[in-house]
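Student: build me a model from this:
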Amino acid sequence: MDTEAGKGGGGTDDPSDTVSLVPPDGGHLHLDNRNHHHHHHHQSSRHVKRILLLFMVIVATCLVLYRSVYPFRSLPWYSNSHGHDESSTSEKRVLKLETILEKTAMADKTVIITTLNEAWAAPNSIFDIFLESFRLENNTKKLLNHLVIVALDQKAYDRCATLHPHCYVLNTTGIDFSNEAYFMTTIYLEMMWRRIDFLRSVLQIGYNFIFTDADIMWFRDPFPRFYSDADFQIACDYFYGHPSDLKNLPNGGFNYVKSNNRTIKFYEFWLASRKTYPGLHDQDVLNKIKFDPFLSQIGLKMRFLDTAYFGGFCQPSRDMGQVCTMHANCCVGLEKKIYDLKIMQEDWKRFLSLQNNRKALQTTSWTVPQKCRLSSFRPPDLHKKNVQPGSNN
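Tutor: Coordinates of the predicted model:
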């Protein structure tokens, strides 16, 4: 075949290169088959362009809608080419936190939160015992789906990620929270106040929470024991009989807080009060501000949880048939806590194994504390002069 003839559209003996059409006058038309393919390719190209144009319109519409709903946020995939300023980093952190909270929240937007550092997250340490307590009963095992572990350092986060699906790292610039924080040291105080600030942010995002220290064992679903009308309810080191009595001595390691304007203002006031009472940790400051008229002014409903259901080493829950949680409070030192928590766990397993033996159940009780001695943590005499609520003198 003559190649040049084929290019020029002239005669050819190869029938595959032409398409014969019969026009109305009965004559024959000979069209170059490659022109036919070119026309078909042109139509396909126009079709692809239309699809791309439609896609771009949809994306543009989504961007406009996103900006109208979240006018002050960066886009999730956006990165600042001019460098990451603090506001950009903060926005991304909030976005990531919201994603985790949304994934773990109950239907009423309630999550369970605990915090960990490297020392508490280490193998065979507090974290393992804490998770195991949830798994011993079906009514607490399901609550793991709503538990967010807030890691205070990268190593704690890495360990969390191997054991639990919902982990969040909370970095604090210039402070290393990875080691054991000894009671009332500078690091300990910073850790406690960082926690309060973080919980305030959870309320501001619009989520209710149960905060629990990781040295608290969960034995039963606590929700049936909460007060439905309370904004802020908290466990106690020492409970004196009435949930509204401000003389009860609260423990900041376990509280259930609903997100509303009252609780947000309360947490802001709590944080600001750190400057009013310098050198005190969050729990001692709470013991002072719980009497402040500001709480009545904002209408905050505070309730104290009975140690019969939310016990601890300070004031143990005596009825294992009623207890929801037990806290390794009134105990200083990680090794002591781990030792007694493991014994507590065995006490609970023994109780569960005797469910069908009423007589044995009646005589079953805690064999802790052992290394966490109560003698150094006597409840203060509130009627004694110069003794402030919350001190352990």
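
Student: how about the nearest residue to residue 96, chain neighbours excluded?
Tutor: residue 168 (7.2 Å; CB to CB, 6 or more residues apart in numbering). C-beta: built from backbone N, CA, C; applies to glycine.

Student: quick check, pLDDT for that neighbour.
Tutor: Per-residue pLDDT puts residue 168 at 95.

Student: helix, strand or coil for it?
Tutor: strand (DSSP: H, G, I helix; E, B strand; the rest coil).

Student: what is the neighbour count of it?
Tutor: Using other CB atoms under 10 Å, residue 168 has 20 neighbouring residues.

Student: got it, and residue 326?
Tutor: When neighbours are defined as other CB under 10 Å, residue 326 has 27 of them.

Student: which residues sit against stretch 347-355?
Tutor: With contact meaning CB atoms under 8 Å, 6 or more residues apart in numbering, stretch 347-355 is reached by 133, 136-137, 217, 219, 320, 360-361, 364-368.

Student: how about a cut-off of 7 Å?
Tutor: 136, 219, 320, 360, 361, 364, 366, 367, 368 (CB atoms under 7 Å, 6 or more residues apart in numbering).

Student: from those residues, list just the buried residues.
Tutor: Neighbour counting with 16 or more other CB atoms under 10 Å marks 219, 320, 364, 366, 368 as buried within the contacts of stretch 347-355.

Student: who's in contact with the third one?
Tutor: Read it as residue 364. Contacts here follow CB under 7 Å, 6+ apart; on that basis residue 364 touches 320, 350, 351, 354.

Student: pLDDT score assigned to it?
Tutor: pLDDT for residue 364: 81.

Student: just the second one next, same as before
Tutor: We have a pLDDT of 92 for residue 320.

Student: how far away is it from residue 361?
Tutor: 8 Å (CB to CB, to the nearest Å).

Student: just the element for the closest residue to residue 133 other than its chain neighbours, please.
Tutor: Nearest-residue entry for residue 133: residue 217, 4.1 Å, with adjacent residues in sequence omitted and distances by CB to CB, 6+ apart. Assigned by DSSP states H and E, residue 217 falls within strand 216-218.

Student: hmm, residue 304 is touching residue 246, no?
Tutor: No. The criterion here is CB atoms under 7 Å, and residue 304 misses it with residue 246 at 8.3 Å.

Student: what mean pLDDT does the longest strand along the chain have?
Tutor: Assignment by DSSP state E gives strand 249-257 as the longest strand of the chain. Here strand 249-257 scores 97 as its mean pLDDT.

Student: following the chain onward from it, which element is next?
Tutor: Next element after strand 249-257 (DSSP H and E): helix 261-276.

Student: what angle do that following helix and strand 249-257 make?
Tutor: 140 degrees (axes from the mean of the first three to the mean of the last three CA atoms, to 10 degrees).

Student: same for the following helix or strand past helix 261-276, what does it pack against?
Tutor: Next helix or strand after helix 261-276 toward the C-terminus (DSSP H and E): helix 282-289. The helices and strands touching helix 282-289, judged by 3 or more CB pairs under 7 Å, 6 or more residues apart in numbering; DSSP states H and E, are helix 186-205, strand 249-257, helix 261-276.

Student: what's in contact with the second one?
Tutor: Read that as strand 249-257. 203, 208-213, 216, 226, 232-238, 263, 282-283, 286-287, 304, 310, 312, 325, 327, 329, 389-390.

Student: now, which of those lie within strands?
Tutor: Short answer: the contacts of strand 249-257 in strands (DSSP E) are 208-212, 216, 232-238, 304, 310, 312, 325, 327.

Student: and residue 363, how many residues sit next to it?
Tutor: A count of nearby residues for residue 363, using other CB under 10 Å, gives 8.

Student: gap between it and residue 242?
Tutor: From residue 363 to residue 242 the distance is 30 Å (CB to CB).

Student: same check, this time on residue 211
Tutor: 23 Å.

Student: and the two? Which one has more around it.
Tutor: A direct count of neighbours by other CB under 10 Å for residue 211 and residue 242 places residue 211 higher, at 23 against 12.

Student: please name the residues that touch that one.
Tutor: By CB under 7 Å, 6+ apart, the contact set of residue 211 is 113, 199, 254, 255.

Student: in the sheet, who's paired with it?
Tutor: For residue 211, the beta-bridge partners under DSSP bridges are residue 113, residue 255.

Student: now do stretch 208-225: distance from first to last residue.
Tutor: Start-to-end span of stretch 208-225 (CA to CA, to the nearest Å) is 16 Å.

Student: can you pull the buried residues of that stretch?
Tutor: Judged by neighbour count (16+ other CB under 10 Å), stretch 208-225 contains these buried residues: 208-220, 222, 225.

Student: for residue 153, state which of the residues you listed is nearest.
Tutor: Set against residue 153, the nearest of the buried residues of stretch 208-225 by CB to CB is residue 214 (14.2 Å).

Student: state the pLDDT value of that closest one.
Tutor: So, for residue 214, pLDDT stands at 97.

Student: roughly how far apart are it and residue 105?
Tutor: Applying CB to CB, the value for residue 214 to residue 105 is 20 Å.
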